[in-house]
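A.B. asks: Sequence first, predicted model second:
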Amino acid sequence: MKKHTLALGLAAALGFSTTALAGGAAQSIHVYKSPTCGCCTDWVDHLEENGFDVKVTDTNDLNPIKIKAGLTPALASCHTAFVGDYVIEGHVPASDIQRLISEAPKVTGLSVPGMPAGSPGMEMGDRKDHYKVIMFNDAGQTRVFSEYN
């Protein structure tokens, strides 16, 4: 079974609708994060401030979610989310998620690997690390979706 199909099956099994909302309604996104992670909470706030309807599930065991979603260690960050038919890993800016949904490429999702300073939820004063938003598919192929700083 393809990893993308597994990610969609996982999202459905966890009670998350993989159907995008129509008619300009807020886009639903389901975030899985550690209950003690402040930067994850800040990223959720960023999504809400940018019009997303966010459902949060706190868990101390994110690895099975990441594995079933097709995430490799090179793509991993601190939280995993599902929006429409896509996986969103890490501190991806809301504008990139909106662009992904709008363009609707046949990919698994987007990732900001690690936790770069200056990415949404990782604001640290004036510090802004250069980082890339990586688009990935179920075949393990990646390409840069956008770059910041």
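C.D. replies: Structure received.
A.B. asks: In the chain, what residue spans correspond to strands?
C.D. replies: 28-33, 53-58, 80-83, 86-90, 109-112, 131-136, 142-148 (DSSP state E).
A.B. asks: and L71, which of those strands is closest to it?
C.D. replies: strand 86-90 (5.6 Å; C-beta to C-beta). All C-beta atoms are positioned from the backbone trio N, CA, C, and that covers glycine.
A.B. asks: could you check the angle strand 131-136 makes with that closest one?
C.D. replies: For strand 86-90 against strand 131-136, the angle by axes from the mean of the first three to the mean of the last three C-alpha atoms, to 10 degrees is 150 degrees.
A.B. asks: Give the pairing partners of strand 86-90; include direction for each.
C.D. replies: The strands beside strand 86-90 in its sheet (DSSP bridges) come out as strand 80-83 (antiparallel), strand 109-112 (parallel).
A.B. asks: Mind checking the pLDDT average for the first one?
C.D. replies: Per-residue pLDDT values across strand 80-83 average out to 98.
A.B. asks: Just want the most central residue of the chain.
C.D. replies: Geometric centre of the chain, nearest residue: I88, 1.8 Å, by C-alpha atoms, centre = their mean.
A.B. asks: Contact partners for it?
C.D. replies: 29, 80-82, 97, 109-111 (C-beta atoms under 8 Å, 6 or more residues apart in numbering).
A.B. asks: repeat that with 7 Å
C.D. replies: The contact partners of I88, taken as C-beta atoms under 7 Å, 6 or more residues apart in numbering, are 81, 97, 109-110.
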